[in-house]
Structures are given as structure tokens and as C-alpha cells.
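Novice: model this:
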Amino acid sequence: MNFAHLQQYKAVGDGDATITCHVYSHEKRALFLGRTDGRIAWWRRRGSGGRPQAEDKPFFLDGHIGAVRCMLALIGPMMGRDGTLIVTGSSDRTIRVWDPWVRDSRKACVQTLRGHEGSVKDIVTHQRLLLSCSTDRTIKLWQMDEGRELLLYPWFSIHDTIHDSNCWLNSIALHLTGESGELFVADEQGTLSVYHLTIRGRSVNLQRWHRHPTVHALGISSMLLVHHENLLFTLSYDQTLRAINVSSGQPIVTLHNTNRVRFTGMHWAQEHQELFLVDELGWVFVWSIQAGMCVKSERLVGPGLTPSAGGDSRLVCVSSAGDELLACDGADCHVWQVLRDVHYVEVDGHTGPVIALQPAEGSNSDEQVLYSASLDNTIKAWDPFDMTCVSTLHEVHSEISCLLYSSTNGFLISGNDDGSIRLWNPDSGSTINLLEHTNTVCCLDVAVRGRMELLISAGFDGHVAIWDITKRRYSMPQIENIFPAHAPHEILALRFNPINDTIITAGNDAQIRVWSIHNQSLQATLKGHTDSVTTLALDGNFLLSGSEDCTVRVWDMHANTLLQVIEAHDEAIEQMLVVPENGFLVTCSMDRKVRVWNYGEKRLIKEWRHPDAIRSLAYLRKLRKIACGTEQHHIVLFPLDEIIEAEMAFAGQASVAVLPDAHTEQPSTTPVSGDETPASDPQPAQGTGDDGSDLPTLPLDTQLHLPEHSQGQETPLVPFAGAGEA
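Specialist: Numbering: from 1, shown residues only. Below you'll find the model as predicted:
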């Protein structure tokens, strides 16, 4: 499990206010943050997959004059035009009901509930009931008025007040089965009280059932009830969490925070049966019911980890939305993507983005080297078997923009930001400079014609240059020809097609052009992309093009026609390649995903996710692994073996991409348009699930220390009186 930082919501910046709590409405894709100054900031989450743009500005709900201490979402009929209302409790002793979707934010507060004489610390709801607890030592039951079914909003009236505590009440949790159940109330002395609640029509009865004064050594700050697992979790100022079986009243697990600070928030992820915990130092802990232990601990907020306007390293609350983890520090709400079931090897070495990877076969058939180029102006050689760095070459004159390995003469060839091309001897580090381009050289390829080896280069000047780099004893590489291919537009990708001796170029004019290598005449222009074409790959007679329009298009290069369109990623496609042995298409993007496709069927075979944005790709043939270079300086290896085996089992034989027949248009240099095959949305690859085994049986009150683990003995709590009747 890993966390990839996606977004940051700036909720504070106009004073000394800090975030106190938050709630996320899945139905409305809206995030609400409560602040110490009484304001509520909220965002609609728009964009692909419900993920908004980072620059989205918040709306504000104003009305409270004290800190917002708790909030929840009410969903159902009579809950406004959109079916969702927000309820907040505050230090100003009031509870407010909001309809944030109204056009005039001044009319967003639809009711203010007054009755408490202290700060409202927690609220829970059930059908027509709302219950609240406060520092005035009372529990209040609010009930919706009858006869308002045809009205837009509900109206809550006070039904009962329970005043039998001698200290502040911090948190409540409601467990109902049918018309009866339990209300759990936690206070500042570490005591847990249990009330019996019965509902018969409009009649509601709440009576203390049992009181446990020894749950925690210090006050309980919050509780979380997990109905599906019959568990009650409690957090305390004594820096521990306890899990209690609701039916028996027995404590099952006690978790100690070895950071020696208190846990500040928790959230239950039912799908994976995991409890997320955050603390005052910005750490997140993931406790698994299946494993009976902490499976992940990582500091997510702190110096150098995430930008924060307030410079606060503590996390105050946590929740989740699908594969996203939401947590707030004092000034901002951060969103991380939770990456699960991803098996990969990751290495450091560069200090800048890894923009190119090139595998190279050694002189010995068992040898293989992986070369990487980075914006830190180094080229590193790696042993792919153990990913140890073998050697490093340093570029001192200009920034490296691309890299190619020539297997014929053993050169490394780099294109540079100043328009130069450098041929490197990987062993000695000596170089030969080629100067002709007037701007960044960003794409290279080689063409072998008999005994002659030609280097083809292109870049931001829109020109294609052809160089003779054949290894001769008494001659140096020299320019053969240079011609304008896309000028004044930039060329971003090129490939040499050995089947028909053509050069294929693409650029930020969204066009693909095919040129004869013999006389540099234009053979065809392929149109269809709606944004810059960033990468090209060849698979026999098929050309695959990736673009900033997030699609991959497949072309028949015999007829120069478009065959199909694949909606491949959520962001621009950076690079792609075709695995020669089976025809798999591998694509990568800044959306932090690497995807493997059967492009003939437009079927997504596998998706790998990584916390970093992916910049470059390479295929390690002997290891059958996909190597990826990332924006955050890493090189990552993903295994291809499991995909090949799964596809062989799926198809009954090795999977080979088969394309539909080409369209009947005549081959020409005219634009190809209007013939795209509608692309279906790719279905995410299914990850490995849990094994389905029963939950482990733990000794009563097992002691666990986070992030380290140890066991100890502790006297169990007295079971809840009458709990067996619930």
C-alpha cells in the first residue's frame, strides 16, 4: 500500500483560523470543512473521476460565531431539492442545518437548533431523530416534526434532555437494530456510558444502562461505531485506541501510539476492513482487521512532505472516498490516492525527473544494461537484475532532452536542449557532437540500410535531420540532409518504419506525417488527434499514436487509414511501447498509471499505479519487466510475467493483437476524419482481493504499539450489563 498526493484544498489563509473537522458527501461529490472561526468552506468536486482542478475556490457558509466542532450529512427525502443537507455543531452552543446548494448563500441556513448551554461536541442521526452531546453535560434528543412531508425541509424540535453526567460529554455513537439499541456516550474522564434506546412511533425512550469508568486513563476524544463488524472504536488523550466488541462489551485490541502523541482522527474503510488513524505529528496508520495488525504507517504531512500555508504538521481528521484518502491539517485538506496490491521494484539514483530509459544488450548474450537519462543532466547505467548503478555519464553543456541506444555501433545518443546531439562511448565517456538543429532535439531514431546506419533527429525547430553515423575508421558522422517537416510547429515524436522506408513524424499541430527516407517527399498526412501527438510506436504495419488528448489511435500504414481510438488515460500520454513477443501495448501518463492493453480488442489487461507521475518507459526483454522513469526521480520495475500467464489462460494460447479490417477509404495524403471507431471506457483491471478467510481470533485486549507491534496483558473491561439481550 502506498499513498500518492493528488490535491490540496486551501481552506485557511485569511487570519488565524484552523480546520477542526470535515465531511465528504459522496452523492454530491462535495467536501465541507469546519473552521475555528465558525465558517464552513466547501467545494464541488468536478473533473475526471470526480477529481476537481487544484485551483477551484471554495464557497463559504456563514452563521456560526464559534468554532465548528462536528458535522454530518443528512441524505433522503425532505432534505432540500438536492436530497442532501449538512448539519453542524458549534462552540456557540447551536446546531445549524444547511442547504448549501441554494443560489443565495445567505439563505443556506434553514434552521438553528438552540438548547445547549455549552459547546456542541458531537451529533448523530437515525431516521427522524437527531441526538447531540455538549460540554453542558447533557444529551439532547431532537425529533422531526410530523406533517411536513410536502415541505422542502424538515424541522427539528427538542424531544428530551438527559442530564445525568458530572463532566463534559465529548462523543456519542448510536447502535440500533430495529426499534431498540444502544447509545454510547464518552466523556472527558475516560468513562463510557451505555444507554438503552427504544423507539415506538413518536415515542422515544432513553435510559442509562451501564457505566464503564475504566475504558481509558484520560478523556475519550472521539468514537467510531462500525455496525458491520459489531465494533466500537474509541480514541483518548492517553495516546491509545481501543476496539470494543459491542455485543459482549469486551475490549478486543488496544493500540498504542509510539510517537507519544494522541490519535486525532479515525475512519473505517469497509471494503478492505481497515481502520485509518491519524495523529498530531502528521502520521497515518492503517490497521487491518484481517491481519490483526498495523499494515501501513507513513508520515503524510510535515516539513518537505506536503505544502501547507499554515506550516502545521498535525492531522486533525480523516475520511475516504473510493480509492482516495482525505485528511486535514490545520490549514488545508489533502487528498491522497491509496494504491493497493501493486508489486514493483523501485530505486533512487537521480535527482531530477527520469525522462528516458533505454535497454541495451551487452556483448555477452546474458548481459543487459538499462540506461536512464534525467533532467539532473546525468546518464546512468544500471544492472537490471539487481538495479545497481554501474556507471554515470555527466552532461555539462546543456540539458538532456532525449536518449537513444544504437545497438549497431554501441553508441548512446542524447538530444539536448541547445539543439546539439551527442554520441557517447558508454565505456570511456568520450563524445562526438553533431550540430545542425536550432532548438531542442527531443526525438531520435536509427535506420539501418545495409551496412549504413542513419540517425534521424527532430525537435522543436520543426525540422528532421538525417545523419550518417556508420562506424568507419577514418570518417566522422556527418549530415546527409535536413528538411522542414512541421515547421513552424514543434516535432515531438518520430519513428522509422523499415517495412516501407518511411519516416513518421508527429508534433504539436496534432498531425502525423509520413515521409520517404529516399527523397524526403511527403507520402501521407494522418489527422484525427485533437491535441499534440507526443509518442509513436510501430507494430508491424500498424502505427500507434499517443496524444495529449488522452487517446491512443491505431492506424493502418498500408492504407494510411485510422482503424480505432482507445481512451487510454485521464491525462496526456507521455510514452508507449509494444511488447514484441505478444503485441501488448504499454502506455504511461502523468496520471500515475501504467496500463497494458490488447489494443486489437481495445481491452485493458492490467493497470499499475504508482505514487509518482510516469515520464518514460522501456521493456526489459530478458527479465520480462516494464521499466518506468518518474517525475519524482525514481525508476520503477513492474513484472510482466503475471500478465502474460493470465492472458494465456484467458485465451488458451499466447495473446496476439488482431485488428479489424481497415476502412475502405482510398490511401492518400488527405486528412483522415470522421472514421473513428467510438471508444468504450476502459474497465479498470481487477486487483488481487482478500483471500476470504474468516476474521482472526484475537486474545481479549491484545496490546499493539504503532507503528511497532508488541503484545501485553491487561485486565479486560466488565461486559456491558444486559448486552446479550441487544
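
Novice: give me the below-cutoff pLDDT ranges for the stretch 501-650 of the chain.
Specialist: Residues of the stretch 501-650 of the chain that meet the criterion pLDDT under 70 lie in 649-650.

Novice: now do the strands in it.
Specialist: 502-507, 511-516, 522-527, 533-539, 542-547, 551-556, 561-567, 573-578, 585-589, 593-598, 603-609, 614-620, 625-630, 635-639 (DSSP state E, counting those that start in this stretch).

Novice: which stretch among these approaches residue 154 most closely?
Specialist: strand 603-609 (41.9 Å; CB to CB). Where C-beta positions appear, they are placed from N, C-alpha and C, glycine not excepted.

Novice: related to what we said a few turns ago, make TSV out of the strands of the stretch 501-650 of the chain and add distance to residue 112.
Specialist: As requested, the strands of the stretch 501-650 of the chain are exported to TSV (distance: least, CB to CB, whole Å):
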stretch	distance to residue 112
strand 502-507	61
strand 511-516	62
strand 522-527	61
strand 533-539	55
strand 542-547	53
strand 551-556	52
strand 561-567	48
strand 573-578	52
strand 585-589	48
strand 593-598	47
strand 603-609	45
strand 614-620	51
strand 625-630	51
strand 635-639	53
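
Novice: which of those strands sits closest to residue 243?
Specialist: strand 603-609 (30.0 Å).

Novice: sheet-wise, list the partners of the closest one with their directions.
Specialist: Sheet pairing here is set by DSSP bridges, and for strand 603-609 it gives strand 593-598 (antiparallel).

Novice: can you tell me the helix or strand for the residue most central in space within the chain?
Specialist: Taking CA atoms, centre = their mean as the criterion, residue 337 is the residue nearest the geometric centre of the chain, at 2.8 Å. Assigned by DSSP states H and E, residue 337 falls within strand 332-339.

Novice: and the next helix or strand after that strand, what's buried?
Specialist: Moving toward the C-terminus from strand 332-339, the next helix or strand (DSSP H and E) is strand 345-347. Within strand 345-347, the residues scored as buried using 16 or more other CB atoms under 10 Å are residue 347.

Novice: do stretch 581-598 as well
Specialist: Of the residues in stretch 581-598, 582-598 count as buried by neighbour count, 16+ other CB under 10 Å.

Novice: how far away from the center of its chain is that stretch?
Specialist: 17 Å (CA atoms, centre = their mean, to the nearest Å).

Novice: end-to-end on it?
Specialist: From its first residue to its last, stretch 581-598 covers 13 Å (CA to CA, to the nearest Å).

Novice: do the same with stretch 148-156
Specialist: Start and end residues of stretch 148-156 are separated by 11 Å (CA to CA).

Novice: I would like the residues contacting it, please.
Specialist: Here stretch 148-156 makes contact (CB atoms under 8 Å, 6 or more residues apart in numbering) with 77-81, 85, 97, 99, 110-111, 113, 128, 130, 142-145.

Novice: count of residues packed around the nearest residue to residue 421 once chain neighbours are set aside?
Specialist: Counting by CB to CB, 6 or more residues apart in numbering, the nearest residue to residue 421 once its immediate chain neighbours are dropped is residue 434, at 4.0 Å. Using other CB atoms under 10 Å, residue 434 is surrounded by 22 other residues.

Novice: residue 434 contacts residue 477, doesn't it?
Specialist: Yes: when contacts are counted by CB atoms under 8 Å, residue 434 is listed as touching residue 477 (6.1 Å).

Novice: now the common contact residues for the two.
Specialist: The contact sets of residue 434 and residue 477 overlap at 423, 455, 467 (CB under 8 Å, 6+ apart).

Novice: so what sits opposite the first one in the bridge?
Specialist: Okay, so that is residue 423. For residue 423, the beta-bridge partners are residue 413, residue 432 (DSSP bridges).

Novice: who are the contact partners of residue 278?
Specialist: By CB under 8 Å, 6+ apart, the residues touching residue 278 are 263-266, 284-285, 315-318, 327.

Novice: got the residues you listed as TSV, with pLDDT and secondary structure columns?
Specialist: Below are those laid out as TSV (pLDDT from 0 to 100; DSSP: H, G, I helix; E, B strand; the rest coil):
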residue	pLDDT	secondary structure
263	95	strand
264	95	strand
265	94	strand
266	95	strand
284	94	strand
285	94	strand
315	88	coil
316	88	coil
317	89	strand
318	89	strand
327	92	strand
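
Novice: buried subset of the contacts of stretch 148-156?
Specialist: Neighbour-count burial (16+ other CB under 10 Å) is assigned, among the contacts of stretch 148-156, to 78-80, 85, 97, 99, 110, 113, 128, 130, 142-144.

Novice: just flag the most distant two among those.
Specialist: Pairwise distances across the buried ones among the contacts of stretch 148-156 (CB to CB) peak at 20.0 Å, for the pair 99 and 143.

Novice: do you know how far residue 533 is from residue 544?
Specialist: Residue 533 sits 11 Å away from residue 544, taking CB to CB, to the nearest Å as the criterion.

Novice: of these two, who's got more company?
Specialist: Each of residue 533 and residue 544 has its neighbours counted (other CB under 10 Å); residue 533 has more, 26 against 23.

Novice: surely residue 106 is in a strand?
Specialist: No: counting by DSSP: H, G, I helix; E, B strand; the rest coil, one finds residue 106 to be helix, located in no strand.

Novice: what residues are up against the nearest residue to it once chain neighbours are set aside?
Specialist: Distance criterion CB to CB, 6+ apart; nearest residue to residue 106, sequence neighbours excluded, is residue 62 at 8.0 Å. For residue 62, the contacting residues are 38-40, 105-106, by CB under 8 Å, 6+ apart.

Novice: contacting residues around the strand holding residue 337?
Specialist: By CB under 8 Å, 6+ apart, the list of residues contacting strand 332-339 from outside reads 1-12, 19, 22, 31, 33, 51, 300-301, 306, 308-310, 320, 323-328, 592, 609-611.

Novice: redo that, cut-off 7 Å
Specialist: 1-11, 19, 22, 31, 33, 300-301, 306, 308-309, 323-327, 609-611 (CB atoms under 7 Å, 6 or more residues apart in numbering).

Novice: just the buried ones from those?
Specialist: Those of the contacts of strand 332-339 that meet the buried threshold are 2-11, 19, 22, 31, 33, 300-301, 306, 308, 323-327, 609-611, by 16+ other CB under 10 Å.

Novice: in a markdown table: the shared contacts of residue 434 and residue 477, plus distance to residue 560.
Specialist: As requested, these are exported to a markdown table (distance: CB to CB, whole Å):
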| residue | distance to residue 560 |
| --- | --- |
| 423 | 34 |
| 455 | 26 |
| 467 | 27 |
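
Novice: could you dump those residues to JSON lines with pLDDT, distance to residue 244 and neighbour count?
Specialist: Listed next are those as JSON lines, based on pLDDT from 0 to 100; distance: CB to CB, whole Å; neighbours: other CB atoms under 10 Å:
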{"residue": "423", "pLDDT": "95", "distance to residue 244": "70", "neighbour count": "21"}
{"residue": "455", "pLDDT": "96", "distance to residue 244": "71", "neighbour count": "25"}
{"residue": "467", "pLDDT": "96", "distance to residue 244": "74", "neighbour count": "23"}
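
Novice: kindly indicate which of the residues you listed lies nearest residue 167.
Specialist: Comparing the shared contacts of residue 434 and residue 477 against residue 167 with CB to CB places residue 423 closest, at 78.6 Å.

Novice: listing request: residues of this protein with sub-threshold pLDDT.
Specialist: Applying pLDDT under 70 to the chain flags the ranges 13-15, 46-56, 304-312, 341-342, 362-367, 649-726.
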